[in-house]
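Chemist: the following comprises the amino acid sequence and a computationally predicted model.
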2 protein chains.
Amino acid sequence: MTALIALDWGTSALRAYRLAANGTVTARRELPHGIMKLPDAPNRLMSFRLAFDLACADWLAADPACPVIASGMIGSAQGWQPAPYLPAPCDARQLAEQLTRVDVDDQRCFYIIPGVQQTNLLPEVMRGEETQVFGAIAGDERLRDVQASGRESLIALPGTHSKWVSVTQGKIDRLRTFMSGELYDVLRHHSILGLTMQPPEAPDWQAFAEGIRVARQQSGNLLGSLFSVRTRLLCQQLSPQQQPDYLSGLLLGNELAIALDGISADTDITLIGSQPLCQRYQRAMAIFECRNPVYIAPGAAEQGMWQVARYASLVA
Amino acid sequence: MTALIALDWGTSALRAYRLAANGTVTARRELPHGIMKLPDAPNRLMSFRLAFDLACADWLAADPACPVIASGMIGSAQGWQPAPYLPAPCDARQLAEQLTRVDVDDQRCFYIIPGVQQTNLLPEVMRGEETQVFGAIAGDERLRDVQASGRESLIALPGTHSKWVSVTQGKIDRLRTFMSGELYDVLRHHSILGLTMQPPEAPDWQAFAEGIRVARQQSGNLLGSLFSVRTRLLCQQLSPQQQPDYLSGLLLGNELAIALDGISADTDITLIGSQPLCQRYQRAMAIFECRNPVYIAPGAAEQGMWQVARYASLVA
């Protein structure tokens, strides 16, 4: 018996989870149908419906009454139906109170979880990460203890647009976006820095560490250190195979110089994301001599959707 | 009677100057034949020769004994013939002692001025800017006075890769490169930030000032503020037409936060480059409440080549 179908529906991928009544995942699938890569159909609405069917029509056929919940860019202006942003600080219960209902057809519907925005400082937005943050807290005893004690949890979600989220007493109270992933991509493929680069056979951790070291020394001065990707090649301090990981180190080092500035030594840091990328961040933090404990949280998206569905009484 | 032909031969453009015996420019022309945009010919050498002929064959025909000097990327690995980099600190006389001779054919030759590199700090290189720096000093009484007094001149050359050069007692002793121009270009054309941008009819100085203000407040934290180009659109704090100048302000503001950090209030700043870009920098520095006097130096490239040619005894 399926208790919930949960869709982590982002820009490039659509991940679907089937959960049992005790919240465990009984099946999962990943489709390449994020909102910018929908399957072909006569119009956009039909593309959304087709992707939805591919993700979970068979699961729903077996359990027609099973609720479906979704999070991520599916609720953006380019998504199926716009879902609101809730202002930070906010918690999982508030997200659950503001679900946006989408009617797939006469028979079926699903609910989109709101995003979160910050308006008091430099404006920030996220969609999907808020759900992962609450999923990580629900799924991790250590994080629950930190929240119960009133201390801050710092949760990083590395990716194209890395998010760093501060959570206190169960509420997201601050978020920051670093465009490190996208900047790596555009510099590698569209700038003079990428012209000479060659892919290494395996990550070059020495070049990566050197990039981190320079970024740390220059404490966040990215504009003034980027050109060294080129000059170090000219000065034979880097090979074409080392340039990609040196650039990666410069960018991650700059992100960490800002994100770790001023955090107290007893704040623990939780990483959410793909294993290789999270491990790269862990390595970067070690080179940064970061003394904070660093954890990786698995299953954050599906656990977050489960939590929100429970608060919304979609599941018992 | 022509005393010198000077070629400012960069990546995208080739500017040619004809100078009289008193150092004044009697003719100038600009060709779109930088080393990456050479005219079509059966091979690269013939393309270089063709561009050279288009630039100055008629001037040389009238004065066959007239010396020709060149500066810029023409001396790079992708240029006509590699010219060395001299290590900073160095002066115009040292550049003149290390010219690289290029034989165009049996009859004609020209000389390439070396570039400058910095190896003691983060490695830095330049080709062409060193000549412009010495040209600005030679052509400007105020700059000559500063150099004679032993004080520092700070000379900025905004562009694709902005250079900030410190000169003391006639020697270039430090250089820094900021990839602001190229970053603006790749972010505008290849990142999510550019997706929604629309060109303004005229520069939007209010959006530009806001970008500068954010960059200044965040003191060089570029990675953490770039995403605001997008979020401010989502929060209706910026229009699609305002996004380009806001991004320009963020980048220039970040450059200034680093370049102006720690300079003394009596250091004057000289800008070399296109008039609209230099004026944009002047405007940015004013918003930055920069108290240093800021000047724009005209004619730097041709005057620099004239100076070096004199030290090399190519002209009397």
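Modeler: Looks like it arrived, so ask away.
Chemist: can you list the domains in chain A?
Modeler: A:4-119+A:304-312, A:177-296 (the TED database).
Chemist: centroid-wise, who is the farthest residue in chain A?
Modeler: When distances to the mean C-alpha position of chain A are computed (Cα atoms, centre = their mean), the maximum falls on A:Cys235, with 37.5 Å.
Chemist: show me the strands in chain A, by range?
Modeler: Counting by DSSP state E, one finds strands in chain A at the ranges A:4-9, A:14-19, A:25-31, A:68-71, A:85-87, A:100-103, A:109-112, A:115-118, A:124-126, A:152-157, A:162-168, A:171-178, A:269-271, A:294-296.
Chemist: who does the fifth one pair up with?
Modeler: Strand pairing for strand A:85-87, using DSSP bridges, gives strand A:115-118 (parallel).
Chemist: show me the contact partners of the strand it pairs with.
Modeler: A:75-76, A:83-88, A:90, A:123-130, A:172, A:174-175, B:231, B:234-235 (Cβ atoms under 8 Å, 6 or more residues apart in numbering or on different chains). All C-beta atoms are positioned from the backbone trio N, CA, C, and that covers glycine.
Chemist: may I see the buried residues of that strand?
Modeler: For strand A:115-118, a neighbour-count test (16 or more other Cβ atoms under 10 Å in any protein chain shown) marks A:115-118 as buried.
Chemist: repeat for stretch A:118-138
Modeler: Buried, per 16+ other Cβ under 10 Å, within stretch A:118-138: A:118, A:122-138.
Chemist: I'd say A:Arg283 and A:Phe208 touch.
Modeler: Yes - with contact defined as Cβ atoms under 8 Å, A:Arg283 counts as touching A:Phe208 (7.4 Å).
Chemist: those two: who's more crowded?
Modeler: A:Phe208 (25 against 17; other Cβ atoms under 10 Å in any protein chain shown).
Chemist: isn't that one up against A:Leu247?
Modeler: No - between A:Phe208 and A:Leu247 there is no contact under Cβ under 8 Å: 9.3 Å.
Chemist: look up how far A:Ser166 lies from A:Gln147.
Modeler: 12 Å (Cβ to Cβ, to the nearest Å).
Chemist: so who does the nearest residue to A:Pro244 once chain neighbours are set aside touch?
Modeler: Spatial nearest neighbour of A:Pro244, chain neighbours left out: A:Met197 (5.4 Å); criterion: Cβ to Cβ, 6 or more residues apart in numbering or on different chains. By Cβ under 8 Å, 6+ apart, A:Met197 lies in contact with A:188, A:240, A:243-244, A:247.
Chemist: could you give the mean pLDDT of stretch A:123-135?
Modeler: For stretch A:123-135, mean pLDDT is 97.
Chemist: now do the helices in the stretch 201-316 of chain A.
Modeler: For the stretch 201-316 of chain A, the helices defined by DSSP state H, counting those that start in this stretch cover A:205-217, A:228-234, A:243-259, A:275-287, A:300-311.
Chemist: ok, A:Gly23 touching A:Gln303?
Modeler: Yes - judged on Cβ under 8 Å, A:Gly23 makes contact with A:Gln303 at a distance of 7.5 Å.
Chemist: neighbour-wise, which of those two wins?
Modeler: In this view A:Gly23 and A:Gln303 are compared by other Cβ under 10 Å, and A:Gln303 has more residues nearby, 25 against 17.
Chemist: what's the separation between the residue lying closest to that one once chain neighbours are set aside and chain B?
Modeler: In this structure, A:Gln303 finds its nearest non-sequential neighbour in A:Gly135, 3.5 Å apart by Cβ to Cβ, 6+ apart. Distance from A:Gly135 to chain B, counting by Cβ to the nearest Cβ, to the nearest Å: 23 Å.
Chemist: tell me which residues are up against stretch A:298-310.
Modeler: A:4, A:6-8, A:15, A:17, A:19, A:23, A:25, A:28, A:67, A:69-71, A:92, A:95-96, A:99, A:113, A:128, A:130-136, A:138-139, A:272, A:315-316.
Chemist: what do you get if the cut-off is 6 Å, keeping everything else the same?
Modeler: Contacting residues not belonging to stretch A:298-310 are listed as A:4, A:6, A:8, A:17, A:19, A:23, A:25, A:69, A:71, A:92, A:95-96, A:113, A:131-132, A:134-136, A:138-139, A:272, A:315 [Cβ atoms under 6 Å, 6 or more residues apart in numbering or on different chains].
Chemist: what parts of the stretch 101-250 of chain A come near chain B?
Modeler: A:122-125, A:176-179, A:182, A:186, A:190-191, A:220-224, A:226-228, A:231-232, A:234-235 (Cβ under 6 Å from any Cβ of the partner chain).
Chemist: hmm, 7 Å instead?
Modeler: Residues of the stretch 101-250 of chain A lying near chain B by Cβ under 7 Å from any Cβ of the partner chain: A:119, A:122-125, A:161, A:176-180, A:182, A:186-187, A:190-192, A:214, A:220-228, A:231-232, A:234-235, A:237.
Chemist: report the buried members of these.
Modeler: A:122-125, A:161, A:176-180, A:182, A:186-187, A:190-192, A:214, A:220-228, A:231-232, A:234-235.
Chemist: buried stuff in the longest helix anywhere in chain A?
Modeler: The longest helix of chain A (DSSP state H) is helix A:44-62. Buried residues in helix A:44-62, counted by 16+ other Cβ under 10 Å: A:47-52, A:55-56, A:59-60.
Chemist: flag the shaky bits of chain A, pLDDT-wise.
Modeler: A:220 (pLDDT under 70).
Chemist: can you tell me how far the spatially most central residue of it sits from chain B?
Modeler: Chain A has A:Leu157 as the residue nearest its centroid, 4.4 Å off, counting by Cα atoms, centre = their mean. Note on A:Leu157: its distance to chain B, by Cβ to the nearest Cβ, is 13 Å.
Chemist: what's near enough to touch that residue?
Modeler: A:129, A:132, A:163, A:272-273 (Cβ atoms under 7 Å, 6 or more residues apart in numbering or on different chains).
Chemist: repeat the analysis, applying 8 Å as the threshold.
Modeler: A:129, A:132-133, A:163-165, A:271-273.
Chemist: how about stretch A:248-266, which residues are buried there?
Modeler: Neighbour-count burial for stretch A:248-266 [16+ other Cβ under 10 Å]: A:248-260, A:263.
Chemist: how far out from the middle of the chain is it?
Modeler: 17 Å (Cα atoms, centre = their mean, to the nearest Å).
Chemist: got the CA coordinates for that stretch in CSV?
Modeler: Output of stretch A:248-266 as CSV, limited to C-alpha atoms (Å, rounded to 0.1, in the frame of the first residue of the first chain):
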residue,chain,number,x,y,z
SER,A,248,37.2,24.5,-9.1
GLY,A,249,39.4,25.1,-6.0
LEU,A,250,39.4,28.9,-6.6
LEU,A,251,35.6,29.0,-6.8
LEU,A,252,34.9,26.6,-3.9
GLY,A,253,37.6,28.4,-1.8
ASN,A,254,35.9,31.7,-2.5
GLU,A,255,32.5,30.3,-1.6
LEU,A,256,33.9,28.9,1.7
ALA,A,257,35.8,32.2,2.5
ILE,A,258,32.5,33.9,2.6
ALA,A,259,30.2,31.2,3.9
LEU,A,260,32.4,30.2,6.8
ASP,A,261,33.3,33.7,7.8
GLY,A,262,32.2,34.4,11.3
ILE,A,263,30.5,31.1,12.1
SER,A,264,31.2,29.8,15.6
ALA,A,265,33.4,26.7,16.0
ASP,A,266,30.6,24.6,17.5
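Chemist: list the contacts of it.
Modeler: Counting by Cβ under 8 Å, 6+ apart, residues outside stretch A:248-266 touching it are A:151, A:154, A:156, A:162, A:164, A:176, A:178, A:180, A:183-184, A:207-216, A:219-222, A:225-226, A:228-229, A:280-281, A:284-285, A:288, A:290-292, B:221-224.
Chemist: let's see that with 6 Å instead.
Modeler: Here stretch A:248-266 has contacts from A:164, A:178, A:180, A:184, A:208, A:211-212, A:215-216, A:219-220, A:222, A:225, A:284, A:288, A:290-291, B:221, B:223-224, using Cβ under 6 Å, 6+ apart.
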